[in-house]
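Participant: Predicted structure and sequence below. I'll ask about it afterward.
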Amino acid sequence: MSVATESPAPRNYEVVPKTSPEGSELDGELLEVAMGPQHPSTHGVFRMDVVLDGETVVKLKPVFGYLHRNHEKIAENTSYLGSMPYTDRLDYFCSLTNNWAYALAVEKLAGLQVPERAEFIRVITAELTRLQNHTSVCGFLLQDMGALGTPLMYAFREREKILDLFESLTGARMMCNYMRFGGCRCDLPPGWLDRVRKIVGDFPQFLDSYEALLNTNEILLARTQGVGRLPRELAISAGVTGPMLRACGVDYDIRKVDHYGIYDRFEFRIPLGEQGDVYDRYMIRLLEIRESLKILQQALKEVPGGPIIDPKAKLRSFRPKVGEAYGRIEGPKGELGFYLISDGSPNPYRYRVRPPSLINLTILEDMCLGQSVADAVVTLGSVDIVLGEVDR
Amino acid sequence: MLGSGILKGLAETAKNFVGSYIDESGLTTIEYPDERQTLAENTRQFPFLVFDGDDAMKGLRCVSCQICEKECPPQCIFIVKSKDKKPDHVGKPQFYPATFDIDLSVCMSCQICVEVCPFEAIKMDTEFELSTSDRFGQLLLHKGQLAKPNSHFQEIHPTDAAVSDAALAADKAKAEAKAAADAKAKAEAGIPRPLASSPEAVTIPPALGPPNLPM
Amino acid sequence: MESLEQIKIRLEAAVPGAKLEILPNESPSGQHSLLLDNAHAVALARFLRDDAQLRFDYCSNMTGVDWPDTEITSKVKVKKVIDGVEKEVDEVTKTARPGFLEGVYHLYSMAMKHGPLILRLRTGNRKDQVQLPSFTPVWRSCEFQEREVYDLFGVVFDGHPDLRRILMWDEFRDHPMRKDYSEPDDYEYEPTPHDDVLEKSKRHQAAKGTL
Amino acid sequence: MEQIDQIFVHLKHGVVAFLPEGLQPLVSILISVTAIVLVFPLLFALTTVLERKGLGRIQNRPGPNRVGLPRLPTLFPWLPKLRLAGFGQFAADGIKSLTKEDIVPREADRVVHFLAPFVLLVPVLLAFSVLPVGRNMAALDLRETGLLFFFAAGAATELSVFMAGWSSHNKYSLLGAMRAIAQMISYEIPLILSSLTVVMMAGSLSLVTIVERQSGVNFGFLHGWHVFTPWGFAGFWLFLIAACAEANRTPFDLPEAESELVAGYFTEYSGFKFALFFLGEYLGLFAISGLGITLFLGGWLSPFTFLNWMPSWFWFFFKLFLMIAFFIWLRGTLPRLRLDQLMNFAWKFLLPMTLINLVVAALWHFTNSWNPALRWLLGAILLTFSYWILGRGFEAKFRPRTYRYAS
Amino acid sequence: MIEEGLKNELAKQGVVLTTLQELYNWGRGNSVWPLSFGLACCAIEMMAASMAKWDIARFGSEVFRPSPRQADLMIVAGTVTKKMAPQVVRLYNQMPEPKYVIAMGACAISGGPFKQGYNVLKGIDRLLPVDIHIPGCPPRPEALLHALITLQKKIEIEALTGPNRPRHLDADAPSEFPVPQFGEHDIVPAMNPLLWKPTQVVR
C-alpha cells in the first residue's frame, strides 16, 4: 500500500516584482495580463490573472465571483420545490442532471422512493444531457484552439435535436425544471421514446463524422498532446472528478460507485486515460458519449409503465424532518452534490451545492505553469467549466 | 503520413458544404421571421390567466387564493383579493383578483404556478415575441392583458386543455349532482333552508371595474 | 467501511488526547457526523487519509453552516401531580445556545470506493473566535471551498496558504451567508413585492412621495 | 476573341492616345493605378460576403442572405425590398464602418496609431503593380526586379503590424504584434525560397516572363504550368503554406488569435481604421495568391490549349477565386497552431523542404535529356522521401492513442 | 413603415439629406456586429442563435467581435452581478458610437429570479441605456432574432436631426457612463440616477 504523499500546497500569490519598479509595466520582463472577465476564451465571466514571461505562463491566478448569483442564499429563503428551477441555472448546459442531483438529495433527506418508470426517464434524460454536454464541450475546446466554430456548429446542430426532445418533454429547451422529489413532473408525451430512439440511432453516425473531422487532425494532436498534464495523485487530492479525473487514469465513476438510480442494471464501461493531458480529456469525453449511447439503447428497450412519482411526495407545504443529507450524482462535469440541512420548516436551513466545475479548477495553475498562454486557454477549455456552477 | 488527418478534416467540411446544397438535412436553418419552428405542445413561455365564456373579467377562473403568489420562486406575481365575490364555473361564489400582475421581466418560466394552482386558472402561454424598448410599460402585465380565453389554451396545449376541461366538467357535474341531491333532500324534508352557497342567493357584483386599473 | 463508532475508537487511539463526538442525524438519510476538536483536527484528518483501511483520500465537499445564538426549546413529557391528579404534562425547558460557525467536510475514498464520512468542526463563537484549522494541506480540494467559507461565513482558516475572498470583491466587508446579514437596499422599483420586500419598497415609495 | 482579351489594354491605349505626348506616361500610370485601386477593393467587398456565405455553408447554414439593396423610400418609393441573396451586406458594413466613431486610446501614440493602417495598405497596393493579371496587363513590368519588388513591398506590411501593436498601448496588441513579427519573418524565408525555384527555372525575375515561360504545351493540350512538375508541385504547396502564414490566415492566424489575444494587434482599432486593416489583410491575401498563380499556376494562361479562346484576365481572376475559396475552406476546417509549433514548422519542416526542393529543381534542370516519366519519378521519389523523413519526427511525438476501460 | 409625422419632417429636410439619412440608417441597421460577450445562461441561447439552426448571420450579425472597439451592439446576455457591473459599463464605454444595448433575459432586465441576491444588479438599465429588452428566462433564440429585427426597425426610422435624434448625434448626451466602484457593502453608486427613472408602482 502506498501512503498518499502530502498534497502539494498551492502557491502563495504575491505581486510579482517587476524588473524596473518605476517604469511602465511593459518595461519589465514579465507581463501581467488579466484574461477576463470578458475574454473570448474564458467561457463566460471567468478571469485568469496571468503573469507571462514572453508567452510562457509563470503564474496564473483564477478570479471567480463574476457570476456569483447567491443561489445558496436565495434557496435558504425559498421552499424546497422553489429551488428546483434555480438548479436548472447552475450548470445551464445540463439542467436535467442538476435536477436529478437536487431531487436525489431531497429524497435522501425525506426518505422518498422513486417509481421505476421515473428512474428510467431520469436515466434517459440524464444520458441525453451527457451527450449534448460532451459534444458541445469538444466543440468549445476546438473553438479555443481557433477552429472558427465549425466543430462547435456541428455539435450544436446535434444539440438542437436533443433540446427539441427536452422541449417536447419538459416544455423548455434549457431550463427544464422537470424532476420532482420522488419522481418526475409529467409523463412522456406520446411518441417521445421513438424520437429518442431515432436520435440515439443516428448519433453514432454523427460521432464518426465528428471524429473524422478532428481526431487525427495533426494540428489538434500537436495542440493537445502533452499539454496541461495533471498527475494522478494531485487529481485525487484536489478532488477533481468526472472525465477529467478519469483522463488521469483513476477509475471513479459515481454511477458505478454509488449505484444510484438504476445504473447497475445497465452494462457500460468506464474509459480511462493514461497521461491526463488535454487530448486524453477530449478523447475520454468522446468515448463516454459512446458508453452513454449504450446505456440509452438498453434503457430505451424496457421502459416500464406505472406511476412517475412517489404518491407520498407532496408538492406544497413539503417539510422534511430535522436532519441533513448529502446526495451526489455523476454529472457530465463531475461529482455534482447537494448538501441540505432541514430544520423542519418549509425552507432548507442550509443548502449547499458541491460544484464540480469550481473544484476542478483548483489545479488550473498547476496544469498551466510553464506552458504558453495559448496552452493555458486550451487547458481551461478542457476542464469544462460553466460559470453558473463555478460561482453559483 | 503527415497531413492525412488534415485532409480527412477537409473532406468532412467539403462534404458538409456540398451537403448544404443537395441535402435537406445539410441546411438545418429555420429562417426565422419567414418560417417558424412548430413549437412542441409542452412549450412554455409566460403564464396567462384562463377565462371561460366571452367576458374576460366575468369568466376568469382565478379565485384569488394566492397560492401561486406564495409559491412563485422569483416572486413575480402580485395579487390583491377582491372585497366581494362572484360565482365561479360551478356557480359557487368565490373571491376574484382585484389586481393580478405578473412581472415578465422577472418571471423565470418555471411553471410552478401552473402546477400548484388547484383551479386550472393559470396556464403557460407560448408567445415569445415580446421584445420591447419600454420595460416599465410593456413587461408588467395586468389582469386584462393576462386574461386569455379557454379556446386559446385549447389551441396551444390541446392535451393539457382536454385534461383540465375534463377535470372542470367533472367538478361541475359533481357540484350539480350535489345541488340536485340537496334540493331533493330539502324538498323531501320540506324545511326551507337559506341557500348560502347556491348561486341564486348571491348578488352578482356588477362590472368589475376597468380591467386595467391605472397605477 | 467501518462504522462511525469503530472509526471514532480508532481515531482516539491514533491521536491521543483527541476529543471526538458523534452527532446523530435523525433524517432518513442516516448520515451521522463526527465532531472533531480543533486542536487535533489536522492530525485526525491525516490519519483518516493515510490509514490503510480508511484511506479517505478525497474530500468531496466542504462547506460552512451558520448557527446563530438561539434558544433551544425541548419538550419533555413529565408526569406531574396537578390538583391531586397525575397528569402527563409537556415540560418545556429553554436553554440558550451560544452561536457558532461550523465547517462540514464530506470525505470519500477513491481507492476503497467508500464513504461518506462527515466531519464537523466548530468555532468558539461567531464574533472573535472564528478560527478553524485548514484542511487544505491534507486535501487540496479544500483550497477554494475554504476560501469560499471564509468569504461568505467569515471563518478564518489557520494554515490556509492563500486565504482571500473568492466570490465577493476584496473591499467587501460583510459575510453574506450568515443568517443575520442584511443586503443592500435597492428596492426602488418593485411591482410585485412580498413580505419584507414589500416593507422595503413601501419605504422607498414613501421617500419618493415626499420629494 | 483577341479583342475581348485585350479590351482593357485597348481601352487604356485609346484614352491615352488622345492626350498630348508629355502627359501620356503620367495618365497611363494613373489609369493603371485607378484600375488596381478600384478592382481589388471591389473584389475584397465581394470576398467578404462570399467568405461569410461559404463558411456558413460549411457549417450547414446559409450565411448572410437578407441584406440586399438599400431601401431609399424618399428617392425610390416604388422600389421593392430586394435581398440579392445577401450580396448587399458589404455595402451595409462599409457604410457602417465609415460612419463609426474612431477611438484612439488615451495612452496610444497617436501618429503611429493613425499611420499603421495606411502603412499596411500602400505597400500591398504597390505589390499589385507588378502582377500580370492578363496578357499585357501588368501595370509595371519590371524586367530585372519584378519578384524582388513584390517581396520588398510585401515585407513592409510587417512594419505596419508592429506599428499597430506597439502604438495601441494594449498588452494584447503588443503580444499580437510580437507574434506577427516572429511569424512573418520566419515564413518569409520559405516563401522566398520556394519562389526561388521558379526564378531558377525561368531564369528571370520578371513576373511577365515567368508566365510566358509556362506557356509550353505538354501532351498536345496541357499547358506547361510549373505546378505540373515535381518541384513545381511541391513548391506550390510549400508556397501556399508560407503564404497562408504571411497573410495571417488560419491555421496561422496567431497574431489575431481571437481565443487568446482578443483581436491581436488591431484590438484597439475601431471604425474606418479597422476596416482598412481588414481591407489590407485581404488585399495582402489576394496579392500573395496572385503571386502564387503567376509563379506556379501559369498566371493568366488557360489550363488547356483548347480553352485558349477565353480571355486571359478571366483565367487570372478565376484562379484567384479558386485560391481564395481554398483559403476559406481551410479557415472553416482547421484549428490554430501554437507559436512555438509555428516556428518549429517553419524552421524544421518548411525550410528543409524548400531547400530540398531547390535541389530537385536543379536536378530537373540537369536531367533535361532524360525520359520525362523517369525524370518525374525521380523528383517525386526524392520529394516524397524527404517529406516522409521530415514528417516522421512529428508522428513519433504525436499520434492517436488507444484507451483502456476500467474492469 | 414610416410614420406620418416623421415623413413630414423628412419632407422639410429635402431629398438629399433624407436619402443620406436613409442610407446611413440602412447601413448601420444592417451591419450590427455584436460584442462577443456572454454572462450566463442567456449567452448559450445567444450562441444557439448564431449557430446553424437559427443563424444570426442571415441578418449580417454573426460577426461577434471580441474587442469592444469593433462592436456595435452589446447583448447583455445573463445576470449582471455587482462584481461584474463595473466591467460591463467599462466595456460599453469602450465601444464606439453608434452603439446599442439589448438586455437579453430576465436577469439582465431586472435581476430576474436572482434579483433578491446580494450580489445581483437589478437590471442593467440602472447603469446603461438599454434599447431593447427581451423577457424570458432564457428567451428562445427566435426571441433574440426578433429583438434584433426590432432594433433594426428602430434604427431605420430614427431621424438624425431634431429633438428625437439618436444619442450619438446629440453633443450634449453622454456616450460614456460612470463606472461604479466597489464599496464595502455594495457598488458605489448602485445606479445612475440620470438613466434610471422607474415609474412608481404603489402597492
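Facilitator: Received, thanks.
Participant: which strands and helices sit next to the helix ranked longest in chain B?
Facilitator: In chain B, with assignment by DSSP state H, the single longest helix is helix B:158-189. If you count contacts as 3 or more Cβ pairs under 8 Å, 6 or more residues apart in numbering or on different chains; DSSP states H and E, helix B:158-189 packs onto helix B:150-156. For the C-beta atoms, the positions are set from N, CA and C on the backbone; glycine is no exception.
Participant: quick one on the thing from earlier: quick one: mean pLDDT for the longest helix of chain B?
Facilitator: Throughout helix B:158-189, pLDDT has a mean value of 86.
Participant: buried stuff in that helix?
Facilitator: B:160-161, B:164, B:168, B:171, B:175, B:179 (16 or more other Cβ atoms under 10 Å in any protein chain shown).
Participant: How far off centre is stretch D:177-194?
Facilitator: Averaged C-alpha coordinates place stretch D:177-194 at 14 Å from its chain's average position (Cα atoms, centre = their mean, to the nearest Å).
Participant: Show me what counts as buried in it.
Facilitator: Here stretch D:177-194 shows D:177-184, D:186-188, D:190-194 as buried, counting by 16+ other Cβ under 10 Å.
Participant: swap in stretch B:3-13?
Facilitator: B:5-6, B:8-10, B:12-13.
Participant: now, among those, which is nearest to chain C?
Facilitator: residue B:5 (35.1 Å; Cβ to the nearest Cβ).
Participant: I'd say that closest one and residue A:213 touch.
Facilitator: No: contact between residue B:5 and residue A:213 fails when scored by Cβ atoms under 8 Å: they sit 9.5 Å apart.
Participant: and the residue of the stretch 101-250 of chain A found nearest chain D, backbone torsions?
Facilitator: Minimum separation of the stretch 101-250 of chain A from chain D (Cβ to the nearest Cβ) falls at residue A:146, amounting to 3.0 Å. With angles defined as degrees, to the nearest 10, residue A:146 sits at phi 90, psi 30.
Participant: burial measure for it, as a count.
Facilitator: 29 (other Cβ atoms under 10 Å in any protein chain shown).
Participant: Could you do the one 10 residues further on as well?
Facilitator: Close neighbours of residue A:156, defined as other Cβ under 10 Å, add up to 26.
Participant: give the contact list for it.
Facilitator: A:136, A:139, E:47-48, E:51-53 (Cβ atoms under 8 Å, 6 or more residues apart in numbering or on different chains).
Participant: Which of these fall within strands?
Facilitator: Cross-referencing these against strands under DSSP state E gives no overlap.
Participant: Would you quantify the distance from the residue of chain C found nearest chain B to residue D:187?
Facilitator: Taking Cβ to the nearest Cβ, chain B has its nearest neighbour within chain C at residue C:192, 3.9 Å off. Distance check for residue C:192 against residue D:187: by Cβ to Cβ, to the nearest Å, it reads 62 Å.
Participant: And the helix or strand containing residue D:239, what's buried?
Facilitator: Residue D:239 is part of helix D:230-246, with elements assigned from DSSP states H and E. Neighbour-count burial for helix D:230-246, counted by 16+ other Cβ under 10 Å, picks out D:230-246.
Participant: Just confirm yes or no for that helix near chain B.
Facilitator: No: between helix D:230-246 and chain B, judged by Cβ under 8 Å from any Cβ of the partner chain, nothing touches; the nearest distance is 9.5 Å.
Participant: Now that helix: average pLDDT?
Facilitator: Taken as a whole, helix D:230-246 has an average pLDDT of 89.
Participant: Over to stretch E:96-111?
Facilitator: For stretch E:96-111, the mean confidence score works out to 89.
Participant: Pull it out as CSV, backbone CA atoms only.
Facilitator: Output in CSV follows, covering the C-alpha atoms of stretch E:96-111 (Å, rounded to 0.1, in the frame of the first residue of the first chain):
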residue,chain,number,x,y,z
PRO,E,96,-17.5,53.4,-30.4
GLU,E,97,-20.7,55.3,-31.2
PRO,E,98,-23.3,54.5,-32.5
LYS,E,99,-23.7,51.7,-30.0
TYR,E,100,-26.8,49.8,-28.9
VAL,E,101,-27.6,47.6,-25.9
ILE,E,102,-30.0,44.7,-25.8
ALA,E,103,-30.9,43.4,-22.4
MET,E,104,-31.5,39.7,-23.0
GLY,E,105,-33.4,37.8,-20.4
ALA,E,106,-35.0,38.4,-17.1
CYS,E,107,-31.7,38.8,-15.2
ALA,E,108,-30.4,41.5,-17.5
ILE,E,109,-33.6,43.4,-17.4
SER,E,110,-34.4,43.3,-13.7
GLY,E,111,-32.2,40.8,-12.0
